[in-house]
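In: structure for this input, please:
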Amino acid sequence: MRLTRVAPLLFAAAFLVTAASEAQARYVGNLNLFLGRMWLNQGDWAPVNQQNELGLMLAFGEERAPVHFSLDLFLANTDAPDQNPADDAAVSGATTEFSIGVRKVWGQNATHPHLGAGATVMQVSEDRNGPSGPVSNSDRGYGAFVEAGVTWRLASHLNLGLEGRYSVSTVDLGTGVLLREVTAGGAQLGILIGFGW
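Out: This next block holds a predicted model:
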């Protein structure tokens, strides 16, 4: 994962942990780091349709509330050789996803299953380096996500778990006669490690 993309993520994590600690008397919640992979539509994104992904998932709410408010940020990217054997080109694909929604968390003991859904904003880019020079395409799209997972509370605050998500949006890549509408987002699967209060 590129350092310039990870630094803001780490800053946000530090801020959210501090804010969560101050609010723990009235609120409950979780701040988890997501480490996993995103699978985009192969027809639209090959050869960069499988992207390594890093994310932050925050959910919080009043202790008696039936659902929690959620804020999630995901960064995914990968590099791959072009599928065209006629040139020796490289392709880079990247996805930034910011989601707002609700998350229902069950369980009073060590095991905490959860379900969630909401709206998402995706910024995607595709960069190609070939014989004719670099070509960069990017766009922003709006869509939705659903998710399911489970965490286990170890010790008093440590979370370990699994997360599965599916997000979808449409974006336009290219210009002129090369402009094409593609599907952004896709299936996401990974592990969670974080802090619960």
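
In: every contact and neighbour count from this point should use C-alpha atoms.
Out: Fine.

In: so where do the helices sit in the chain?
Out: 3-23, 42-45 (DSSP state H).

In: averaging pLDDT over each of the ones you listed, which comes out lowest?
Out: Ranked by mean pLDDT, these bottom out at helix 3-23, which scores a mean of 56.

In: which residues does the residue nearest to the spatial centre of the chain bridge with?
Out: By CA atoms, centre = their mean, the chain has its centre lying nearest to residue 74, at 2.7 Å. Beta-bridge partners recorded for residue 74 (DSSP bridges): residue 55, residue 97.

In: quick one: contacts for it?
Out: By CA atoms under 8 Å, 6 or more residues apart in numbering, residue 74 lies in contact with 53-56, 95-98.

In: including neighbour count, pLDDT and distance to residue 196, could the residues you listed go into a markdown table?
Out: A markdown table is the format used below for these (neighbours: other CA atoms under 10 Å; pLDDT from 0 to 100; distance: CA to CA, whole Å):
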| residue | neighbour count | pLDDT | distance to residue 196 |
| --- | --- | --- | --- |
| 53 | 23 | 98 | 22 |
| 54 | 22 | 98 | 19 |
| 55 | 21 | 98 | 16 |
| 56 | 22 | 98 | 13 |
| 95 | 23 | 96 | 27 |
| 96 | 20 | 97 | 25 |
| 97 | 21 | 98 | 23 |
| 98 | 17 | 98 | 21 |
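
In: how close does the residue nearest to the centre of the chain sit to residue 106?
Out: Relative to residue 106, residue 74 is positioned 24 Å away (CA to CA, to the nearest Å).

In: please apply the same query to residue 182.
Out: Residue 182 is 36 Å from residue 106, by CA to CA.

In: residue 93 too?
Out: Distance from residue 93 to residue 106, by CA to CA: 36 Å.

In: in terms of neighbours, single out the busier of the two.
Out: Shown here are residue 93 and residue 106; by other CA atoms under 10 Å, residue 93 has more neighbours (24 against 14).

In: any idea what the more buried one is bridged to?
Out: Residues in a beta bridge with residue 93, per DSSP bridges, are residue 78, residue 126.

In: quick one: it and residue 77 touch, right?
Out: Yes. Using CA atoms under 8 Å, residue 93 is in contact with residue 77, at 5.4 Å.
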